[in-house]
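> Sequence below, structure please.
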Amino acid sequence: MNNIKINPTAVVSEKARLGAGVEIGAYSIIGDDVILGDNTVVMHHASIDRGTKIGKNCTVFPFCSIGSDPQDITFKGEPTSVEIGDNNRIREFTTINRGTVKGGGCTRIGSNNYLMAYTHIAHDCQVGNNTTFINGATLAGHVEVEDFAVIGAFSSVRQFVRIGRNSYIGGYTIVLQDVLPFAKVAQARDAYDFFGPNSIGMVRNGISREFIGHVKEIFDVLYRRDLNTTQAVEKLKSEYPDMEEANIIIDFIAKTKTGLLKSFRNGNGNGTT
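Take a look at the predicted model:
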């Protein structure tokens with residue numbers, strides 16, 4: 001059986017498709033039409049429901065629930081799904097819900113992600129690659145998270161919000177609007193603080209110091225020149241017409257539906273809007 005190992009206490013549907021080297025731990029449940037890629041390990045007491053596809057070399061830790069019905073009162077049992085890429089680590093008590101028809105029908109998670117304990121990914125979310133969700137991080141429905149983003153412990157992201165690439169969200173932050181690519185934000189009491197570029201994270205991800213310096217200049221235009229967003233974008237287009245960093249941020253802003261987090265921690269420690 002291609003070195004597949006299934007604990008005798010596990011319940012695995014005959015309609016499930018298991019790749020070579022897959023391991024299913026004690027008391028885990030694998031539902032109809034589940035696909036598990038080569039060398040993926042599902043530890044004990046995990047539940048993977050119908051229509052879930054998980055790629056190669058993933059590890060699902062105990063007490064995870066993946067592919068369960070979306071927490072949406074309009075859901076009527078339609079055949080929706082969860083798709084997860086390769087090399088993901090999904091830690092204890094993580095929950096990932098299936099999509100809804102109105103949201104496209106599929107909750108997607110890319111590859112090389114680390115979802116720490118008690119992470120929640122709601123219906124129709126689209127998560128990229130190389131992201132990190134710290135313990136208790138929560139996405140509401142329809143959230144988009146781009147590559148290399150970090151969601152801090154017990155932070156919550158509202159429906160339809162987008163989290164830009166290489167951004168960092170501090171712990172216990174309630175995110176109600178889009179977070180720009182490369183940004184570092186947190187919530188202090190009842191106000192947001194924008195701390196500028198996520199320089200440490202970008203360095204760790206192999207981004208050059210020159211690129212980071214350009215991002216800082218772009219953020220200065222957006223947040224320090226007393227311009228509204230439209231004016232700032234026009235300024236960026238005129239000052240940096242061919243700069244990759246500027247174009248990434250301009251394109252992100254053009255697609256926002258929720259608006260952007262706009263606070264900035266200035267020299268005296270007070271947030272300004």
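
> low-scoring pLDDT stretches of the stretch 101-250 of the chain, where are they?
For the stretch 101-250 of the chain, residues meeting the criterion pLDDT under 70 lie at 189-192, 194-195.

> show me where it has strands.
Secondary structure of the stretch 101-250 of the chain by DSSP state E, counting those that start in this stretch: the strands cover 106-109, 114-115, 120-121, 126-127, 132-133, 138-139, 144-145, 150-151, 156-157, 162-163, 168-169, 174-175, 183-188, 191-197.

> how about a markdown table for the ones you listed, with mean neighbour count and distance to His45 added?
(Each C-beta comes from the backbone N, C-alpha and C, glycine too.) Listed next are these as a markdown table, based on neighbours: other Cβ atoms under 10 Å; distance: least, Cβ to Cβ, whole Å:
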| stretch | mean neighbour count | distance to His45 |
| --- | --- | --- |
| strand 106-109 | 23 | 21 |
| strand 114-115 | 22 | 17 |
| strand 120-121 | 24 | 18 |
| strand 126-127 | 23 | 24 |
| strand 132-133 | 23 | 21 |
| strand 138-139 | 24 | 22 |
| strand 144-145 | 24 | 27 |
| strand 150-151 | 26 | 25 |
| strand 156-157 | 22 | 26 |
| strand 162-163 | 26 | 30 |
| strand 168-169 | 26 | 30 |
| strand 174-175 | 19 | 31 |
| strand 183-188 | 21 | 34 |
| strand 191-197 | 19 | 38 |
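
> want to throw those into TSV with distance to Gln231?
Listed next are the strands of the stretch 101-250 of the chain as TSV, based on distance: least, Cβ to Cβ, whole Å:
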stretch	distance to Gln231
strand 106-109	35
strand 114-115	39
strand 120-121	36
strand 126-127	30
strand 132-133	34
strand 138-139	32
strand 144-145	26
strand 150-151	30
strand 156-157	28
strand 162-163	22
strand 168-169	26
strand 174-175	25
strand 183-188	19
strand 191-197	18
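
> tell me the contacts of the residue lying closest to Tyr172 once chain neighbours are set aside?
Of all residues not flanking Tyr172 in the chain, Phe154 sits nearest, at 5.2 Å (Cβ to Cβ, 6 or more residues apart in numbering). For Phe154, the contacting residues are Ile134, Asn135, Gly136, Ala137, Thr138, Gly171, Tyr172, by Cβ atoms under 8 Å, 6 or more residues apart in numbering.
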